[in-house]
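Q: predicted coordinates and the sequence they were generated for:
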Amino acid sequence: MKRKVCSVISIIAVLFAFFSCENIESGSASSLSSDSATSTSSISGSSSSTTSTTASACYTSGTPIEVATNTVTLTVTGDLGGKTIYLAKTNPTSTVITSTSSNFQSRCVSSASSNITLNTYSSSSKRAVLRDDEISQTPDESAYNHCGLAFADEDYSALTFTSSSRSASSASTIDRSESQLTLETGTTTKTMWTGINSSYTQEEATLRATGTYCNVWVVSDSWTSGEASDGKINAQIAAKMAAFFDDIYELEQTLYGAESDQIFYADSSTKGMSSFKLEDMEKLSVTGTKVNLVVSDIPMDNVYGYFSSKDYYPDLDDFNTMTGSSYTTSNYSMYSSNEGKYLYIDAPACVEELANVMTIITHEFQHLITFGRKTINHFEDAGYKTPGSAYYEMMAMVGEDFMKEYNETYYASDGFTTDNTPFTWRLPTFNAYYYLSGAEYRGSSDSSGTYTTCSYATNYAFGAWLARTYGGAAFINHIVNSSVIDYFSAICDSILATTGDSVTTETLLRDFAYAVTISKEGEGFRHEIEEQTSGDFYNTSKDYGFPLSAVDLYNLENYGVTATDSNQDYLNGPTFFYSNTVSSGGVRPYGIELNKIGTIADGETTISLTFNENPSSSLKTYVIIE
Amino acid sequence: MKKTHRTAVVSVPFMIAAFFCLCGMASRSLTEISGHIEYYGNAPFATAAFKADDGTVYDMAISEDADFTLNDILALQGHHLRLDGTVSDADSFSLLTGASKKISIHAYQDRSGR
């Protein structure tokens, strides 16, 4: 059963387990207000004899102070009175920095100078984070993961294919250029593969609406000639979908470039992914280059829509015909190709709230474009390459962001509001649980999809910050079209190409952590990208130039996010850990973790902070004072 | 005595040869790969693969004689792992990961924190 999209996730309390800088070894809290820092002894499990060091730094507003790995005591001087101290940790590597009691490699503050009022965890604190709310519910990610969850265990076995022996038969070519479907609304039917993964099935779908750029097909179980209800759409909804897709089609092409009009084609030499050929779409697709929206009840919870690259390949019969072989559904993974450009939309979602489906269509079409521009366009030079899932989902959600202003303006009468955009779908979740996933695609090893939902939130927030910081449309366009597949390499490369700024994964995460911690007018998330009125990223016919509105993580309601029972605690800034606590899950790959250390007394000009010794050399630690 | 000596001369080399032959049969030729789990492709088709430290991407399968499942390994996403297994060409049509190699995993080790 589908859930309301405005609900937000919450997580069982056990995930908020934490470790304290005081009790790593002895279990007892030390005095935290002494000038001669009563620091903890070295972390259990560490055998390093690294000499503890002190360091000093000058405070400059807007500049994080990096704390070196071997620094135990940091002294900061400057105009510090009345300011708040934060600790931002980042992990610019692909492996988690652990924080278990036997292998504590993270960092927090064990003591500080007496002129700091520390936010210290004590036994009377409800939780290890600076929030008063009780978290006891399992996540409700239905509204936030409309692309679907990670596979359950049994699905992986279905993906293991074995090679078959080929029987000798002659290969033939196929060309459907002259036998395209005649498209008559209400009459033309087509047998389609619907369903998902191990539940693919063939159903007959009827053409219910057409646009200049799209066809809308509806399977019989999802159709009604009366009022839309009970998970069945009608002519009005089908027409609305076609009109909306036609409207955003040119816009997404302006932003990213066109999707591919080529399809993978086979012959007798085709033995693997890299030995396909590319031909014009019409050779295999009876619907030519139009995008087909297939509406059915998608048999997977929380999946409201999807794109699958399988449709850019021959189906099983055509593949065997073209290659002269006898592959089967068990050893040819693209057997369920519908051969063409296809997006699949969940019928009940259309009935429940069409405005959400508009965002879903925007999102899935971005996936289709990415596959063309990232994989197909570079195929003949670079072979078959596919970006990681984090890249795919970040780009699609940022695509929703770029279309937000347009949809809120022109589809308000259809109920489209900020609550149908990633501002509402992702940012409260990011505020709450950013530390459970870095800028990675985190699969969930259970059916709840908890971690995957968190990874969507973090990837959107990261992408939203990147786009606002590094120039908006030009930057995103460059990423989509470059041949660089690796996530962070593509980002750094495109930033250099479009802005001239030389950045690294480390500096990006540092600056991202700062932007999450500190809310400043006109900076970071609150930096608005003005709408272009001419040039490459201005669509003349739609009069739209891809603005990105500012957003304040500390005041999401002010930016259109509706407060609900489940998200109201996460609209006013990110989760902070106490000065002396960290997440038991460690600092995730390409992730951040934030502590709110405390406040400095008025008029002070010198403070000192003492940290635990021997953190991971991969961990980057920054003191932020504002 | 002479007869015994001749027997020993014949037997010992045979025994030595048999020893090494049996050892060779008993030991498996396994490849060790260090790296981490990454997901490829758009959801809901996001598929886990193993990205080695040298950047090579491997599809993963579990050896028939393993006493663990793929989910046991996936639960270690984010950890630096060492996989011991048999490497072969990936299944011909690895749509989701684009991997050209596959590892059938016999054993694994979590090397995080080292």
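A: Okay, I see it. Numbering: from 1, shown residues only, chains lettered A, B, ... in the order given.

Q: which residues in the stretch 251-400 of chain A form strands?
A: In the stretch 251-400 of chain A, the segments counted as strands under DSSP state E, counting those that start in this stretch are A:262-265, A:277-280, A:291-296, A:305-306, A:341-346.

Q: look up how far chain B lies from residue A:357.
A: Counting by CB to the nearest CB, to the nearest Å, the gap from residue A:357 to chain B is 17 Å. Any C-beta I mention is one placed from the backbone N, CA and C, and that applies to glycine too.

Q: that residue - how many residues pack around it?
A: Taking other CB atoms under 10 Å in any protein chain shown as the neighbour definition, residue A:357 ends up with a count of 28.

Q: try residue A:558
A: Neighbour count for residue A:558, taken as other CB under 10 Å: 10.

Q: SS state for it?
A: With DSSP: H, G, I helix; E, B strand; the rest coil as the basis, residue A:558 sits in helix.

Q: circling back: dump the strands of the stretch 251-400 of chain A to JSON lines, plus mean pLDDT, distance to residue A:228 and mean neighbour count.
A: What follows is those, written out as JSON lines (pLDDT from 0 to 100; distance: least, CB to CB, whole Å; neighbours: other CB atoms under 10 Å in any protein chain shown):
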{"stretch": "strand A:262-265", "mean pLDDT": "97", "distance to residue A:228": "33", "mean neighbour count": "22"}
{"stretch": "strand A:277-280", "mean pLDDT": "96", "distance to residue A:228": "37", "mean neighbour count": "16"}
{"stretch": "strand A:291-296", "mean pLDDT": "98", "distance to residue A:228": "11", "mean neighbour count": "25"}
{"stretch": "strand A:305-306", "mean pLDDT": "96", "distance to residue A:228": "17", "mean neighbour count": "26"}
{"stretch": "strand A:341-346", "mean pLDDT": "97", "distance to residue A:228": "13", "mean neighbour count": "25"}
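
Q: check contacts around the closest residue to residue A:492 other than its chain neighbours.
A: Once flanking residues are discounted, residue A:492 sits nearest to residue A:503: 5.4 Å by CB to CB, 6 or more residues apart in numbering or on different chains. With contact set as CB atoms under 8 Å, 6 or more residues apart in numbering or on different chains, residue A:503 has these partners: A:492, A:495, A:496.

Q: what's around the closest residue to residue A:576 other than its chain neighbours, how many residues?
A: Using CB to CB, 6+ apart and skipping the chain neighbours, the partner closest in space to residue A:576 is residue A:596 (3.8 Å). Per other CB under 10 Å, the neighbour tally for residue A:596 reads 22.

Q: partner residues bridging the closest residue to residue A:91 other than its chain neighbours?
A: Nearest non-adjacent residue to residue A:91, counting by CB to CB, 6+ apart: residue A:587, 4.2 Å away. The partner list for residue A:587 in beta bridges (DSSP bridges) reads residue A:97.

Q: closest to residue A:556 among the contacts of residue A:503?
A: Nearest to residue A:556 among the contacts of residue A:503, counting by CB to CB, is residue A:495 at 26.7 Å.

Q: same for the helix or strand hosting that closest one, what does it pack against?
A: Using DSSP states H and E, residue A:495 sits within helix A:487-499. Here helix A:487-499 touches helix A:389-410, helix A:473-481, helix A:505-517, going by 3 or more CB pairs under 8 Å, 6 or more residues apart in numbering or on different chains; DSSP states H and E.

Q: check which residues of that helix are buried.
A: A:487, A:488, A:490, A:491, A:492, A:493, A:494, A:495, A:498 (16 or more other CB atoms under 10 Å in any protein chain shown).

Q: let me see the mean pLDDT of stretch A:426-434.
A: The average pLDDT for stretch A:426-434 rounds to 95.

Q: cool, stretch A:240-248 as well?
A: The pLDDT scores in stretch A:240-248 average 97.

Q: next: stretch A:584-592.
A: For stretch A:584-592, mean pLDDT rounds to 94.

Q: with adjacent residues omitted, what lies nearest to residue A:348?
A: With CB to CB, 6+ apart as the criterion, residue A:348 has its nearest non-adjacent residue at 3.8 Å, and that residue is residue A:231.

Q: test my guess that the one you found contacts residue A:296.
A: No. Residue A:231 is beyond contact range of residue A:296, at 9.9 Å (criterion: CB atoms under 8 Å).

Q: for chain A, see how far away residue B:76 is.
A: From residue B:76 across to chain A, the span is 9 Å (CB to the nearest CB).

Q: I'd guess that residue is in a strand, am I close?
A: No. Looking at residue B:76 with three-state DSSP, it is coil, so not inside a strand.

Q: now the residue nearest to residue A:576. Its backbone dihedrals?
A: Dihedral angles of residue A:596 (phi, psi; degrees, to the nearest 10) stand at phi -100, psi 110.

Q: what's the first helix or strand after the helix or strand of chain A with the lowest mean pLDDT?
A: Ranked by mean pLDDT, DSSP states H and E, the helix or strand of chain A with the weakest confidence is helix A:153-158, at a mean of 24. Counting by DSSP H and E, the next helix or strand C-terminal to helix A:153-158 is strand A:189-194.

Q: got the angle for the next helix or strand after that next one vs strand A:189-194?
A: Next helix or strand after strand A:189-194 toward the C-terminus (DSSP H and E): strand A:201-210. Relative orientation of strand A:201-210 and strand A:189-194, computed by axes from the mean of the first three to the mean of the last three CA atoms, to 10 degrees: 120 degrees.

Q: list the buried residues of strand A:201-210.
A: For strand A:201-210, the neighbour count (16+ other CB under 10 Å) marks A:203, A:205, A:206, A:207, A:208, A:209, A:210 as buried.
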